[in-house]
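In: Predicted model, plus sequence, below.
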Amino acid sequence: MEDNLFTPKLLDIVVPMKKTKDGKEKFEDIFIIMEHYHQNLNCVFTRVKSNSFTEEHVITIMYNMLCAVKFLHSANIIHRDLKPSNILLTN
């Protein structure tokens, strides 16, 4: 997928290990580090005039975001920093 313009590259996966009371190591979190992607929802909000967003635009954006979060939650994944600049957009 190196030439796929719509998929940010996976750079690293960090699995911090914690010691339990009995001395064994276990993990509770996984951090996925991906390359920076230049187009995100925050860019759209700052480039486009606020009065050009219609109610249909807002409903579509919110619906897609909620579907994405529902999918993450169904896989027992919690996004700890959900904000417009972390919502990647594709063409």
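Out: It's in. Numbers count the residues shown, from 1 in each chain.

In: And stretch 59-76, what's buried?
Out: Using 16 or more other Cβ atoms under 10 Å as the test for burial, stretch 59-76 gives I61. From N, CA and C alone the C-beta is placed, and that goes for glycine too.

In: And the contacts of it?
Out: Under the contact criterion Cβ atoms under 8 Å, 6 or more residues apart in numbering, stretch 59-76 has outside partners L41, I78, H79, L82, I87.

In: Stretch 25-45 now?
Out: With Cβ under 8 Å, 6+ apart as the criterion, stretch 25-45 contacts 8-20, 61, 83-90.

In: one step back: from the contacts of stretch 59-76, keep the buried residues only.
Out: Judged by 16+ other Cβ under 10 Å, buried ones among the contacts of stretch 59-76: L41, I87.

In: In helices only, show me the contacts of stretch 59-76.
Out: Residues of these located in helices (DSSP state H): L41.

In: Quick one, which of the contacts of stretch 25-45 are buried?
Out: I61, I87.
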